[in-house]
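Visitor: here is the input, now give the coordinates:
(one chain, ligands or ions: 2)
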Amino acid sequence: AQSVWGYDSDNGPERWHENYPMAKGDKQSPIEINSKDVRHDSSLAPWHASYDPGAAKTILNNGRTCRVVFDDSFDRSVLRGGPLTGAYRLRQLHLHWGSSDDHGSEHVIDGVKYAAELHMVHWNPKHGNFAGALKQPDGVAVVGIFLKVGKTPKPEMKRILEEIDNIKTKGKEAPFQHFDPSILFPKSRDYWTYHGSFTTPPCEECITWILLREPIEVSPDQMAKLRSLSKNGENEAMNPLVDNWRPPQPVKGRVVRASFK
Ligand SMILES: NS(=O)(=O)c1ccc(C(=O)NCc2cccc(O)c2)cc1
Ligand SMILES: [Zn+2]
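Guide: Ligands and ions are numbered 1, 2, ... in the order given. As a prediction, this is how the structure comes out:
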């Protein structure tokens, strides 16, 4: 069906606006960040995540990404501080990646594209539920972590990538419990922050982005594992789930602030 969006030439980012008008908005994500245009803001507080490992529920392949879903029925796993007011509930995490190591991230930093980008999605419970939060400028907060290929991979990524074998095809879901995603954070808490949107349709402009400056490392065969996921169901031809990233969008006068000098 035409309204099904994706990353192919006939349903990709250049055509999303045909069914999702917000895709042409003034505060779209991702963006290219140029350090020369960034403003250090000494008033930016440090951010804090307090996640309950018991909140992790399942991991799934929805044909567009690999997503881990958490129990967000109460303030169980929350993100606070940084540019945020109040506690935002962790709902899900997912990734965007490329067909080769030289690209795959959505945000681009001083021209650098990382092999992948991990998003931890949180929403503001003052708006009642996730659907309500989508309609508010302060509704959602996403922590973005860049992944680069290296020799000292983070053992914690292993847990997610080991599950890949159980969710190879679209629609596959597997239990994924006792997982604290804060183990994925890099050492440094330095971050950039700006106001933007979902990087997938309907592209609502409800996100406070918190992008971590320090990338984490994954191994070449961990990236190969991610690329072994299929966009299609188990009874269809294998179609590698790769290049599920939106290119940078116009900044349109927005200011990116940095927590660091
Ligand atoms: N890539 S991203 O972090 O900007 C992102 C985060 C969450 C979602 C999401 O929750 N999509 C599902 C959804 C459900 C109802 C309404 C929506 O607009 C999106 C999409 C993209
Ligand atoms: Zn994302």
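Visitor: up against ligand 1, what does this structure have?
Guide: Those residues of the chain that sit near ligand 1, judged by CB under 6 Å from any ligand atom, are 119, 121, 134, 142, 198-200, 202, 204. Heads up, the C-betas are built off the backbone N, CA and C, glycines and all.
Visitor: nearest to ligand 1: which residue in the stretch 1-150 of the chain?
Guide: Per CB to the nearest ligand atom, His119 is where the stretch 1-150 of the chain lies closest to ligand 1, at 3.7 Å.
Visitor: beyond the helix or strand hosting that residue, next helix or strand please.
Guide: According to DSSP states H and E, His119 maps onto strand 116-123. In the C-terminal direction, the helix or strand that comes right after strand 116-123 (DSSP H and E) is helix 130-133.
Visitor: buried residues, the worst-scoring helix or strand of the chain on mean pLDDT. List them.
Guide: When the helices and strands of the chain are scored by mean pLDDT, DSSP states H and E, helix 155-163 comes last with a mean of 88. For helix 155-163, a neighbour-count test (16 or more other CB atoms under 10 Å) marks 157, 159-161, 163 as buried.
Visitor: now stretch 239-254
Guide: So stretch 239-254, judged by 16+ other CB under 10 Å, has buried residues 241-246, 248-249, 251.
Visitor: in TSV: those residues, plus secondary structure, distance to Lys168 and pLDDT.
Guide: Shown next, in TSV, are the buried residues of stretch 239-254 (DSSP: H, G, I helix; E, B strand; the rest coil; distance: CB to CB, whole Å; pLDDT from 0 to 100):
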residue	secondary structure	distance to Lys168	pLDDT
Leu241	coil	9	98
Val242	coil	14	98
Asp243	coil	18	98
Asn244	coil	15	98
Trp245	coil	21	98
Arg246	coil	24	98
Pro248	coil	30	98
Gln249	coil	32	98
Val251	coil	38	98
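Visitor: ok, those residues vs Leu93, which is closest?
Guide: Distance to Leu93, by CB to CB, is smallest for Asn244 among the buried residues of stretch 239-254, at 14.5 Å.
Visitor: tell me who's in contact with the closest one.
Guide: For Asn244, the contact set (CB atoms under 8 Å, 6 or more residues apart in numbering) comprises 7, 64-65, 96-97.
Visitor: from these, pick the one nearest Asn232.
Guide: Arg64 (11.6 Å).
Visitor: for Pro247, helix, strand, or coil?
Guide: Using DSSP: H, G, I helix; E, B strand; the rest coil, the structure places Pro247 in coil.
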